[in-house]
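1. build me a model:
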Amino acid sequence: MFFGWLSPFDYTLAGDEGEEDDRKYTAESNAEVIDGYAKMIKNYMDVCQAYYYFNYGDWYGGTYEYPAPDLDFSEFFSEYCRQIVSEIQSQFSASLAAAKNDRERAAIAQAMNRAISEAIDAAMPQTLAEYNALMKNLDDSMTAETQRQHYETKDKGGGNGSADSAEFTGMPIVGTNHFDNVEIDSELSAEELLAYIALYKSMSIIDPDESDPDAEQILNITPQDIMDFFKETEFFSITANVTHGNTCSGQNCRRTLVDKSWEYYCDGSHDNLSGEIGPCKTADDLREKIMEITDSEANGVDEKSFKKLIEEYMKFINKELDITEADYRRFGAADSAKAEEFYQKLIEDGEIPNNYWSVDTPMGGEDSDE
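-> Below you'll find the model as predicted:
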């Protein structure tokens, strides 16, 4: 029973492209079966890490919101004409006031109106040139577009230095992500975790869920078994907290057009994320948790027996794969190459191809392409 999971099986891996038949791996020998399970565990961890990068390392509570100028030429020209009229009326005001009679006053008014008409007729080219120059200065392409940071980018505290600089176009609000560690940090490898998952699976079969006694017992380790194992053992330690209404001190994240120039400000409405992904369970922590949730001692597996079974599993795995500890498959902080590849897929395409893993994170919810 404890080695029932060595039955031949077919499997696929998240992230592989193509039709299912083209992506399918067949594991027949013990070595192929063990290698397949280790690959599945590593695959699950890499997908998890990609989502942790995505949901924590790149989280932001707002963006710089720089709208384009909303000023059309007709409004600009009307205001320009009003200024012309005002200036010319000011020039003629003294003469009108000093007119000796109505006839002289009418003649002055006629001259003033003629001056206004000529000035307005001549103003169009100059007004258009000034309008285009103003719009060129105002329309600096600083919009409310969003752009994600790379997961290793941490708090860049401090003001942006220049309120009107394209360097900050669409950047996340600085200081809205105080999430510390975003890497899975595990002392155990995929091969070592396979030993624990296999033992967990075996003891679960010995002591099945009484709520469904007629459920079919599948000896092979399934993707659902792997996900259930990490969920039930609480292998990952994640703390996340979001606060609202935070001011990004020193940041000019918004602007409005005032008297044909930009006025920059922060409205302090941003959300702030804080927390960290803590170290995963150690071998001893994992043993204690598995023994607790499977009630192993009631089934004759005490701490000494548990450790012995894990040792035998590891000897068997090392022998069949012809590997040593130096060859074990690592993930997270120890090896993030594949996880970063999946992360880029999430950024560019919004999903990992053919993903069947369900990743539950406090911030991101349940992400699955199943």
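
2. what about F236, neighbour count?
-> Neighbourhood size, F236 [other Cβ atoms under 10 Å]: 21. C-beta here means a position set from N, CA and C on the backbone, and glycine is covered the same way.

3. that one against E183, yeah?
-> No. Under the criterion of Cβ atoms under 8 Å, F236 makes no contact with E183, lying 11.3 Å away.

4. what do these two both touch?
-> Counting by Cβ atoms under 8 Å, 6 or more residues apart in numbering, the residues touching both F236 and E183 are I277.

5. isn't there a helix covering Q224?
-> Yes. Counting by DSSP: H, G, I helix; E, B strand; the rest coil, Q224 is located in a helix.

6. K201 versus that one, what's the distance?
-> 11 Å (Cβ to Cβ, to the nearest Å).

7. those two - which one has more neighbours?
-> K201 (24 against 11).

8. return the residues in contact with that one.
-> Contacts for K201 (Cβ under 8 Å, 6+ apart) come out as W5, I221, D225, F229.

9. for E234, same thing?
-> Counting by Cβ under 8 Å, 6+ apart, E234 has contacts K281, K289.

10. before we move on, the earlier item: could the contacts of K201 go into CSV alongside neighbour count?
-> Shown next, in CSV, are the contacts of K201 (neighbours: other Cβ atoms under 10 Å):
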residue, neighbour count
W5, 23
I221, 26
D225, 18
F229, 23
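
11. nearest to S74, of those?
-> Lowest distance from S74 to those (Cβ to Cβ) belongs to F229, with 68.1 Å.

12. excluding chain neighbours, what is closest to the closest one?
-> With Cβ to Cβ, 6 or more residues apart in numbering as the criterion, F229 has its nearest non-adjacent residue at 5.0 Å, and that residue is I197.

13. wait, is the one you found part of a strand?
-> No. Assessed with three-state DSSP, I197 is helix; it does not lie in a strand.

14. and it, how many neighbours?
-> For I197, the neighbour count with other Cβ under 10 Å is 24.

15. and the gap between it and D228?
-> Going from I197 to D228 by Cβ to Cβ gives 9 Å.

16. please, which helix or strand holds I88?
-> Secondary structure assignment for I88, by DSSP states H and E: helix 73-98.

17. buried stuff in that helix?
-> Across helix 73-98, burial judged by 16 or more other Cβ atoms under 10 Å covers F76, F77, Y80, C81, I84, V85, I88, F92.

18. before we move on, what about stretch 22-36?
-> Of the residues in stretch 22-36, R23, A27, N30, E32, V33, I34, D35, G36 count as buried by neighbour count, 16+ other Cβ under 10 Å.

19. hey, which helix is longest across this protein?
-> If you go by DSSP state H, the chain has its longest helix at helix 102-138.

20. thought N354 was touching K24?
-> No. At 11.1 Å, N354 and K24 do not qualify as touching, with contact defined as Cβ under 8 Å.

21. where does the closest residue to T361 other than its chain neighbours sit: helix, strand or coil?
-> Using Cβ to Cβ, 6+ apart and skipping residues adjacent in sequence, the residue nearest T361 is N55, 5.0 Å away. Classification of N55 using three-state DSSP returns helix.

22. likewise for I238?
-> Assigned by three-state DSSP, the conformation of I238 is strand.
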